[in-house]
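Colleague: just the structure for this:
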Amino acid sequence: MTFTSKIPYIEPNVAAYEAQKHLVHIDMRSTELHGHPSLPPLPAGLHGNGTLHERWNSFYALRLLAAAQGDRLAYTSLFPGHTVPGPNGTGTVYRGALAVERFEKMLELHCMNFWGDPRPEHRRHPLEPSLWFWQNIPQPELTLLEPFRSETALTVKQRNSVMEALRAAIAAGVNGNGVPSIRKMFAKIRRAWNPFGEAHVWQCETLEAARELLERFRSLGSVDWMSLAFELEACLFHIEASARLDIQAYGTYRGTWLEVGRLSLAHIKATELVQTGRVLTELVSIRTRGFAPVIVNEFGCDTDGSHRLTATWLWNLLHAWTEWCKNDGDGMPPDRTWNLDIDYHHDRRFVECVSRFLESHQHAMGPLMVREALRCLQEMVMDVGMRQVLCEEVVRKIDTKPIEHLPVLLLPEHFAGTVLKGPYDAGEGIYRVDPTVYEVLAREPSYTLPARGRYHLTDRAILRGL
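Modeller: The predicted model follows:
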């Protein structure tokens, strides 16, 4: 299925993206999923917005049928696709198209043992305060969260043992007493993906849909129940988790399946420290090119798009400043009223405007975003080159309304295969980031990850800009 969208989008400038990121995108070659007389119809109880029927027939039902047949081809897969960047910055890695293949590949990473190891303890320590010239605006106190690094790698015998235990649990779920057995089966699969995470509470309608689908597949005769159960859990979870995203665009694009929704800024949780220069680049891009969707996980955390998210909040702050100057200022252009030398905090009008903006938005922003947005703005106006770009390419050209929503794309954390970036890029080892990191971040608004510490393997799959 080709990509379709309710909202305008633009084709990316791939060459410019590769030059900016210093990488080469992956030319994803995928086996298209096709219809079949046995294609299961959408269960009546599944919830979703108005696009779910089309998405089901064009992707989810086809994935389930392929999994049931047991074929392991390079099928079109959810973003970022079946092939991802390889370690040491070279080559690519095929990690499987179907969920069971992805799981088998994950078992090969340095990660926690299953059903026996203690819960991983992530390191926490106070983040050193930044230089801060914002009078009467306290700098938020943050805690730096450093993901646990496991040196454990399962042996072949241990991996086989995990798969055999899952095979038995899936057989019990398929042949058991309906919904209760399916709930236990899904819990076992989820615990395999995320051994130390919080249990997912399935909607009753989703479990009933799973029961209905398993009954339909029994009529096919020979079924790879292991593959089907993994795929069914993955598909139904994605449908549940994406229901709140208001899917606006979907379809196959450059070999991957995309579902682009919308989330309000207040519902996207900032998760990491950012780099000021990259935030400025994204500020300019808002007006000139737009930008690709922000990647979010099932906890509402931003996992790829921190600079875009920060730039959006700064855009809204600067928009408020330009409006303040028009209505309450002396008619001077907003950037001309800045007295932004080393004592720029003496320009009380600007600081007052920032304070008013925070009074209205700091709860939605959260402590991390408040700190990073104001730190980046401070560094931009203190640097001659960045200040010139900010004034000429952003402030003087802000002529649109504040941005209330951002395009988002769901990548479930337990399914992402997130790795520690440093060792991965250096070829030192492939260390999985335990998904519980993001459970902690979702609960603790003052916690942050270091800049670019985790790698979701998404930067070489091209997305359309919106």
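Colleague: contacts and neighbour counts: CA atoms only from here.
Modeller: Will do.
Colleague: which of the three states applies to T252?
Modeller: strand (DSSP: H, G, I helix; E, B strand; the rest coil).
Colleague: that one is in contact with L258, isn't it?
Modeller: Yes. Counting by C-alpha atoms under 8 Å, T252 does reach L258; the two are 6.2 Å apart.
Colleague: doesn't P140 lie inside a helix?
Modeller: No. Per three-state DSSP, P140 lies outside any helix segment and is coil.
Colleague: what is the burial count for it?
Modeller: For P140, the tally of surrounding residues (other C-alpha atoms under 10 Å) stands at 16.
Colleague: for it, give me its contacts.
Modeller: 367-368, 370-371, 446 (C-alpha atoms under 8 Å, 6 or more residues apart in numbering).
Colleague: so for T252 and L258, which residues contact both of them?
Modeller: Taking C-alpha under 8 Å, 6+ apart as the contact rule, T252 and L258 both touch F3.
Colleague: between these two, which is the more surrounded one?
Modeller: A count of neighbours by other C-alpha under 10 Å puts L258 above the other of T252 and L258, at 23 against 20.
Colleague: note down every partner strand of the helix or strand containing that one and its orientation.
Modeller: Taking DSSP states H and E as the criterion, L258 maps to strand 256-264. Strand pairing for strand 256-264, using DSSP bridges, gives strand 77-78 (parallel), strand 249-253 (antiparallel), strand 405-410 (antiparallel).
Colleague: possible to save these as JSON lines with distance to R102 and mean pLDDT?
Modeller: Converted to JSON lines, the strands paired with strand 256-264 look like this (distance: least, C-alpha to C-alpha, whole Å; pLDDT from 0 to 100):
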{"stretch": "strand 77-78", "distance to R102": "11", "mean pLDDT": "95"}
{"stretch": "strand 249-253", "distance to R102": "20", "mean pLDDT": "94"}
{"stretch": "strand 405-410", "distance to R102": "17", "mean pLDDT": "95"}
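Colleague: tell me how far V284 lies from R375.
Modeller: 18 Å (C-alpha to C-alpha, to the nearest Å).
Colleague: tell me the bridge partners for P126.
Modeller: T143.
Colleague: ugh, typo on my part, it should be H110
Modeller: Under the criterion used (DSSP bridges), H110 bridges to A153, Y431.
Colleague: you'd agree it is up against S150?
Modeller: Yes. At 6.1 Å, H110 and S150 qualify as touching, with contact defined as C-alpha under 8 Å.
Colleague: shared neighbours of these two, which are they?
Modeller: 431-432.
Colleague: among the two, which residue is more densely surrounded?
Modeller: The residue with more neighbours, out of H110 and S150, is H110; 19 against 16, by other C-alpha under 10 Å.
Colleague: per-residue confidence, that one, what does it come out as?
Modeller: Note for H110: predicted pLDDT of 77.
Colleague: now F291
Modeller: Residue-level confidence at F291 comes out at 77, pLDDT.
Colleague: three-state assignment of it?
Modeller: Under three-state DSSP, F291 falls in the coil class.
Colleague: touching, it and T281? I think so.
Modeller: No. In this structure, F291 is not within contact of T281 by C-alpha under 8 Å, at 10.8 Å.
Colleague: residue ranges with poor pLDDT in the protein?
Modeller: Scanning the chain with the threshold set as pLDDT under 70 gives 1, 35, 112-117, 328-347.
Colleague: can you give me the strands in the stretch 251-400 of the chain?
Modeller: 256-264, 294-296, 302-304 (DSSP state E, counting those that start in this stretch).
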